[in-house]
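**Student:** Build me a model:
(chains A and B)
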Amino acid sequence: MSATTPGERPGWFASQPLWFKTAVFYEVYVRGFHDSDGDGHGDLRGLLEKLDYLEWLGIDCLWLLPVYPSPMRDGGYDIADFFGIHPDYGDVDDVKTLIDSAHQRGIRVIADLVMNHTSNEHPWFVEARSSPDNPKRDWYVWSDTKHRYEDVRIIFIDTETSNWTWDEEAGAYYWHRFFHHQPDLNYDNPEVQEAMLEALRFWLEMGLDGFRLDAVPYLFEREGTNCENLLETHAYLKRVRREVDERYPDRVLLAEANQWPADVVHYFGVGDECHMAFHFPVMPRMFMALRREDATPIIEILEQTPPIPDSCQWGLFLRNHDELTLEMVTDDERDYMYAEYANDPRMKLNLGIRRRLAPLLDNGRDEVELLTAILFSLPGSPVLYYGDEIGMGDNIYLGDRDGVRTPMHWTSDRNGGFSRADFAQLYLPPLMDPVHGFQAVNVEAQLRSPGSLLRWTQRFIALRKAHPVFGLGSYEALRTSNPRIFAHVRRHADDTILCVHNLARSAQAVELDLSPFSGLTPVEMFGGSRFPPVGELPYLLTLAPRGFFWFTLEDGDA
Amino acid sequence: MRELTTLLTSGDLDQDALAAFVADRRWYGSRQHAIAQATVVQVVPISDDPPLAIALVEVGFHSGHHELYQLMMGQRQAGGPTETTVWRAGDEELYEAFDDPRDLGVVLAHIRASATLGEASGVEFRSAVGADRLDPLPDRPRPAGHEQSNTSVVFDDRMILKCYRRLEPGINPEVEVLRFLAAHDFPHTPPLLGWFEHRGPPLDATLGMLQHYQARAQDGWEFVTAALRDGRGDEVLPAIERLGAVTGLLHATLASERTDPAFVPEEVSPEGLALMSAALDELTNDVFANLPDDPALAPIVGRADDIRDRLRGVSKGTGLGRKIRVHGDLHLGQALWGDGDWHLIDFEGEPARPVTERRRKRSPLRDVAGLARSLDYAAGAVRLHDGVDVAGAWLPAARAALLDGYFGVVEPTGLLPPTSAMTDEVLGLYELEKAVYELRYEISHRPDWVAIPAAAIDVLLERTA
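**Tutor:** Purely as a prediction, here's the structure:
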């Protein structure tokens, strides 16, 4: 064994196959995180330089947004080469170095992988469109007529009018569920299936700990269906899982399937498909519950969420790089959300709201803490979005979803410490307004201030990680007489935790039926105070506006 | 007797007995978790007669995660003492041969021969020096005693064989660093003579190493405390200054690498200091929130805010200097005084931390802080146990001697923060951090000793940068 290489063999984390069930994830937009070479965009070496910060924050796994070669017409989700790195970000060696350095700090790394489509500038498509006889022709989905798959919804309704686009050179229409410059791959072609597996293997071999599989519901198409969640799609994903399990233990496949829970659970299979999937529908309901001051939306969607295999886990989040999607709500609920959260029409995009966490909550510290607490208390693994830990703002005057992808604020220095480049060179301007600007909101200032959101978040992450019950335990909602209170119990092995959250702007009292826990003593988890033991009568709690209590329920006396 | 390998792999070995044996060892690290099962996952025979085999044991916990431990299994007739017995079956038994090392000489022979045992997976023994440096192979092994997380066997007081118990993938930092130091002609460690490692499934990992044993040496703790007890504290000040210089030489050597990424010095990110302060801030909060009622803690009761103010007072522009590979667990007990000079030992890093963390680069000032704290503990120990109080005059002189020796060597290397004022401030922070960790440890484990870190925190707060 060379004295110079860290443990490279598979299984280097020494066999923790369910690590993702108790992990806290951090989604990082590499372009916006840190610029190491002063060219105005964030890069992989820049991210490397900030690993100490991420280690301190306490996150377990980084999720990298796409860094592949791309014409960048969809933030890098239009991939032109699955085996390379866009020069703006660095090169393949930088990825290896990043993975090794992250692993040294006990941090895993997963990356976005777009399976459904490529950029129209990908050599595969360039070949495919050139002639009907080209060997790669069948790698994409072609048609002479637009009148196929007619009942299929359009996803990017603000920019596309059809899922078919005519290609002059090819003399045919090609299918695309997303932007017209992102032709869908044809998964009925075994060569495509194999090519995608090759791409996965390339990065897994380097030590990457898994993938967020973008847009998986749309892989296959069949006439007479909505072309989403088809059996063939699931079969292929099961094949991917088998391949990954065989040679790369302890990796995770995280499905991005923006569907109703009853449909998303199929992406877990019987523990033989994806390990994780995002729980999209609960996310807007947390925001709805806050405005309505009513826990019902959250409780109901979780009630409607089927159980998942023990070896699987939900990915939970408040915000991400996309708009706050309102696809999985009713029309009335969507109108309500627009009215409450998107008072400026500029804030609406597709079927969602393109704002960051802090501005959505009017920069309310209590509200941010409350929603974070609810997020962390639910059964799943939380996925944090870069910058939300310091309460970064957004810029709704930027196009598409750029408003939530502005440079990270490290210091109050030039460019927020993001880059040494000239201001004019930056890929996007940093926020500079008096409330959300980098002078006011930055990592350096918040590190030094024990009461800052950043310090609170770090403490909160540590608290959650100290109790595996949050990731591994059961979840039971407690019905209370006060609908403004969201209370539930998490249980695992010897750990029983009671979480009580006040969604109202006013102080609230609630009587909880804790009779199954009679005789136990609630111990408040942040401060360690012992509360009166649970008796036979309903347990009275009073909560501050937007307040919450997390208790461990313990035996014994004070 | 049945063939050893068969016995270990046949499924006959009583897993409960194995689990109980492991759980009972000093080196077993996870006492707080109940063992769900213990399984032998790899057997590499290393000798037929007497029968010996390296066994890798996977210990599984109810939470689903695993740990891997190394055992050296021997086989003998039952009937003798049972402290080292793993499992008894009828009139034969399996025993742990690192604990009862009478037949362990074969490991030295394999190292001398740079042998490889096994094919697709197995054990590689490697000699680090020529055969002439090893011959004649010593043949009187004895347990080294005072074991904690590993097991060591001394041969003829000439060589010491150290076996790593908890295995993690990758090279052990001790072997990695000793090889590096040998390649750079660093003279202040007992020479590395060889090592052995497992290759192939279930993992690649260092299993153990062989090192020259300094028989006539005394460890720094004994050396200093003996002098203090006899009222000869001033006599050892030159030796303490020399220890500072040797530490400086260690760091200068470790920092000299230009190409190997595992050793090349690195810059600390701009928020490095702020991260360290924030972490210390949180730790202080935790520790001071639950201070027990103890008169020994009087100097620091209610002074958490003083610590926080001190942290806040560190100027934003203070650089932490550069990060390098360091000793990681440096204290007087890790320095051997013999033949008029110092030799440093035990480069494994902080016990109980994962290997990945122990191979990280850190500020060299952390090692210096470790020695400074250790001097404080030496003074504290003789005060507690022998009633000899040297804190007033000797302790500051000893710290000053240590730093003189250290900075004399390291200052020109460019490793340290840009100004000596910053260096003092950063060193002070590391000492303060260490003292707060010590306070937390002593409160839970050795309440008699809390006076030492409590007094240290008081002094560190008084000292102005």
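
**Student:** Please make it C-alpha for all contacts and neighbour counts, starting now.
**Tutor:** OK.

**Student:** who's in contact with stretch A:177-190?
**Tutor:** The contact list for stretch A:177-190, computed with CA atoms under 8 Å, 6 or more residues apart in numbering or on different chains, reads A:78, A:115-120, A:125, A:138-141, A:154-156, A:159-160, A:163-165, A:174-176, A:192-193, A:218-220.

**Student:** I'd like the average pLDDT over stretch B:263-275.
**Tutor:** The average pLDDT within stretch B:263-275 is 89.

**Student:** The contacts of stretch A:177-190 in helices, which ones?
**Tutor:** A:125, A:192, A:193 (DSSP state H).

**Student:** give me the number of residues near the last one?
**Tutor:** The local packing of residue A:193 (other CA atoms under 10 Å in any protein chain shown) involves 19 other residues.

**Student:** One more: the second one?
**Tutor:** Close neighbours of residue A:192, defined as other CA under 10 Å, add up to 18.

**Student:** likewise the one 10 residues further on?
**Tutor:** Burial of residue A:202, expressed as a neighbour count using other CA under 10 Å, amounts to 15.

**Student:** Nearest residue to it in space, ignoring adjacent ones along the chain?
**Tutor:** Nearest residue to residue A:202, sequence neighbours excluded (CA to CA, 6 or more residues apart in numbering or on different chains): residue A:83, at 7.1 Å.

**Student:** For the closest residue to chain A within chain B, give the beta-bridge partners.
**Tutor:** The minimum distance from chain B to chain A, using CA to the nearest CA, falls at residue B:170 (3.8 Å). Residue B:170 has these beta-bridge partners by DSSP bridges: residue B:205.

**Student:** Against residue A:249, how distant is it?
**Tutor:** 17 Å (CA to CA, to the nearest Å).

**Student:** Settle it for me: which of these two has more neighbours?
**Tutor:** Taking neighbours as other CA under 10 Å, residue B:170 and residue A:249 compare with residue B:170 leading, 24 against 16.

**Student:** Next one, pLDDT for the more buried one please.
**Tutor:** For residue B:170, pLDDT reads 87.

**Student:** Give me the buried positions along the top helix by length along chain B.
**Tutor:** Longest helix of chain B, by residue count under DSSP H: helix B:420-445. For helix B:420-445, burial by neighbour count (16 or more other CA atoms under 10 Å in any protein chain shown) applies to B:422-443.

**Student:** Same list, the residues you listed, but only the ones touching chain A.
**Tutor:** Checked against chain A using CA under 8 Å from any CA of the partner chain, the buried residues of helix B:420-445 give no members in range.

**Student:** sorry, back to before: isn't the residue nearest to residue A:202 right up against residue A:204?
**Tutor:** No. Between residue A:83 and residue A:204 there is no contact under CA atoms under 8 Å: 11.6 Å.

**Student:** more neighbours, those two?
**Tutor:** Counted by other CA under 10 Å, residue A:83 and residue A:204 do not tie: residue A:204 has more neighbours, with 19 against 14.

**Student:** which residues does the more buried one contact?
**Tutor:** A:210, A:248.

**Student:** Ok, the one 10 residues further on next?
**Tutor:** Residues near residue A:214 by CA under 8 Å, 6+ apart: A:112, A:113, A:114, A:115, A:116, A:255, A:256, A:257.

**Student:** can you tell me how far it sits from chain B?
**Tutor:** 29 Å (CA to the nearest CA, to the nearest Å).

**Student:** can you tell me how far the closest residue to that residue other than its chain neighbours sits from chain B?
**Tutor:** Nearest in space to residue A:214, with sequence neighbours left out and distances taken as CA to CA, 6+ apart, is residue A:114 at 4.8 Å. Using CA to the nearest CA, one obtains 31 Å as the distance from residue A:114 to chain B.

**Student:** How about the contacts made by residue A:114?
**Tutor:** Contacts of residue A:114 by CA under 8 Å, 6+ apart are A:77, A:79, A:213, A:214, A:215.

**Student:** count of neighbours near the second one?
**Tutor:** For residue A:79, the neighbour count with other CA under 10 Å is 29.

**Student:** Likewise for the first one?
**Tutor:** As a burial measure, the neighbour count of residue A:77 was computed by other CA under 10 Å and equals 23.

**Student:** That one contacts residue A:71, correct?
**Tutor:** No. The pair residue A:77 and residue A:71 does not pass the contact test of CA under 8 Å, sitting 9.5 Å apart.

**Student:** Give the intersection of the neighbour lists for the two.
**Tutor:** residue A:119.

**Student:** ok, now how distant is the closest residue to residue A:283 other than its chain neighbours from residue A:356?
**Tutor:** When the adjacent residues along the chain are set aside, residue A:283 lies closest to residue A:318, with 5.8 Å between them (CA to CA, 6+ apart). Look at residue A:318 and residue A:356: by CA to CA, they are 9 Å apart.
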